[in-house]
Structure formats: structure tokens, C-alpha cells
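Colleague: Can you look at this prediction? I've put the sequence above it.
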Amino acid sequence: MRQKGFATILGLCLILVVALVVRGIEETERNHTYETTDAGAEFELQNAADGALVAAAGKVISGEVELPRNEEQIRINGQHEFPVKKINSKKFGEITVRTWGERVEIHQYRVEYNAEDEDTGTKTNVAKKSTYNKKLIPPAQSYLFFSVATADSPHTGGKIYRRAFAYVTEKNIADGKPTIYFMEFPQSDYKFAE
């Protein structure tokens with residue numbers, strides 16, 4: 001009689017283990033489904049952020065909006081916020097996009113990949129200020145733009161966002177060849193040298 005009871009309990013434990021494994025596999029697959037769905041949604045958010053940034057840069061390039069020079073040390077005082085955009089989306093319902101612009105000086109750097117770090121002797125990427133004929137290239141007066149697209153996540157109940165960051169130099173605008181230079185976050189793990 002005791003052997004039948006032990007076998008029954010052992011059988012129930014094995015059934016429980018199998019049920020937990022099956023449940024874990026189902027949850028993992030459900031997470032993969034959410035990841036795939038969220039990837040498409042993230043592309044939509046990134047496109048909204050990029051589009052708002054291009055629209056803001058276009059207003060500055062055309063002269064419709066003039067960004068003032070910021071003579072103060074506090075950057076937020078020199079930032080201009082463009083009107084908030086609301087975009088209807090099938091995935092999110094509504095995407096909110098905020099965009100800012102400001103005038104800054106962009107210092108040009110040249111990267112030496114796998115250069116030897118003077119302090120540690122290890123290989124690293126070293127960014128040095130760019131030179132032309134052994135003279136430092138002066139900073140470029142530029143317009144800097146930043147945009148954030150946010151929406152409610154359909155799966156987590158929280159917020160999901162994507163951002164865009166770019167600049168346009170005043171020289172390119174004056175030359176009639178305005179180019180928007182997009183940048184990524186984080187910018188780099190480079191060591192910056194003088």
C-alpha cells in the first residue's frame with residue numbers, strides 16, 4: 001500500500017513539474033510575441049521623433065523660426081520648444097511629440113580608433129579636436145535639435161518613448177546646402193583628448 005501512495009505522489013509531482021515547464025514555455029513565447037509587436041511600435045515612435053525633428057529644423061532653415069543666441073551659461077534658458085504634436089496611431093491611439101531647438105557651438109573631433117591610451121597603455125578610441133594645416137578648426141555655430149515621442153504601451157500599461165537628436169550648421173544654411181546631422185545616444189565611449 002505504501003508503494004502505491006509513493007508512486008501516486010511521485011506521479012503528481014512529475015505532472016506538476018511538466019505543467020510548470022509548459023507554462024514557462026507559454027510565457028516565454030508570449031514575451032517574444034510582445035517583443036515583436038513592440039519592435040513595430042518602436043519604429044513608429046522613432047519615425048514620429050525623427051519627423052518632428054526634421055520639421056523643426058525645416059522651420060529654422062527657412063527662417064520661419066529664429067533661435068536666439070544664448071549668452072547665459074544655463075542652457076535651458078536658451079532652448080526653444082516647438083509646438084507639441086499629437087499623432088494618431090493604430091498601435092498606440094495617440095503619440096505625443098515634443099521638440100526643442102537651441103543655438104550651440106559644435107566642436108569637430110577626429111577619432112583615432114585603437115589608439116594607445118597614454119595613461120593606461122591599453123587600446124582605446126581617442127577623439128582629438130580636428131585640425132587643418134596644423135591649426136585647430138574653430139567651433140561651428142550650429143542649431144541643435146532634440147525630440148521625444150511618447151505613447152502608452154499597449155502591453156505594460158506604462159509609457160514607451162523614442163528620441164531623436166541632430167544638428168544643422170549655420171555655415172551649411174548660408175551656403176544653401178543645409179544638412180541635418182543625426183546623432184545617436186549614447187554618443188560614444190571615446191576618450192576625448194586636447
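Modeller: In hand now; what should we look at?
Colleague: Can I take it that residue 23 is in a helix?
Modeller: Yes: assessed with DSSP: H, G, I helix; E, B strand; the rest coil, residue 23 lies in a helix.
Colleague: Pull the residues that contact stretch 161-179.
Modeller: Stretch 161-179 has contacts (C-beta atoms under 8 Å, 6 or more residues apart in numbering) with 42, 45-46, 48-50, 52-53, 57, 60-61, 104, 106, 140-151, 180-185. Glycine gets a C-beta too; all of them are placed from N, C-alpha and C.
Colleague: Can I get the buried part of those as one ChimeraX selection?
Modeller: Buried subset of the contacts of stretch 161-179, written as a ChimeraX selection, criterion 16 or more other C-beta atoms under 10 Å:
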select :42,45,48,49,50,52,53,57,60,61,104,142,143,144,145,146,147,148,149,150,151,180
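Colleague: Can you tell me who the closest residue to residue 89 other than its chain neighbours pairs with across the strands?
Modeller: Leaving aside its sequence neighbours, residue 89 sits nearest to residue 95 (C-beta to C-beta, 6 or more residues apart in numbering; 5.2 Å). Per DSSP bridges, the residues bridged to residue 95 are residue 87.
Colleague: isn't residue 95 right next to residue 151, touching?
Modeller: Yes: counting by C-beta atoms under 8 Å, residue 95 touches residue 151, with 4.7 Å between them.
Colleague: Overlap of the contact sets of the two?
Modeller: Shared contacts of residue 95 and residue 151 (C-beta under 8 Å, 6+ apart): 45, 89.
Colleague: For residue 106, give its distance to residue 169.
Modeller: 7 Å (C-beta to C-beta, to the nearest Å).
Colleague: Mind listing the shared neighbours of these two?
Modeller: Taking C-beta under 8 Å, 6+ apart as the contact rule, residue 106 and residue 169 both touch 140, 142.
Colleague: Tell me the buried residues in stretch 112-123?
Modeller: Within stretch 112-123, the residues that count as buried by 16+ other C-beta under 10 Å are residue 115.
Colleague: Which secondary structure state does residue 143 sit in?
Modeller: Assigned by three-state DSSP, the conformation of residue 143 is strand.
Colleague: my bad, residue 110
Modeller: Secondary structure, three-state DSSP: residue 110 is strand.
Colleague: which residues does it bridge with?
Modeller: For residue 110, the beta-bridge partners are residue 128 (DSSP bridges).
Colleague: Give the burial count for it, as a bare number.
Modeller: For residue 110, the count of nearby residues is 11 (other C-beta atoms under 10 Å).
Colleague: do you know how far it is from residue 170?
Modeller: Residue 110 is 21 Å from residue 170, by C-beta to C-beta.
Colleague: Alright, that wraps it up for me.
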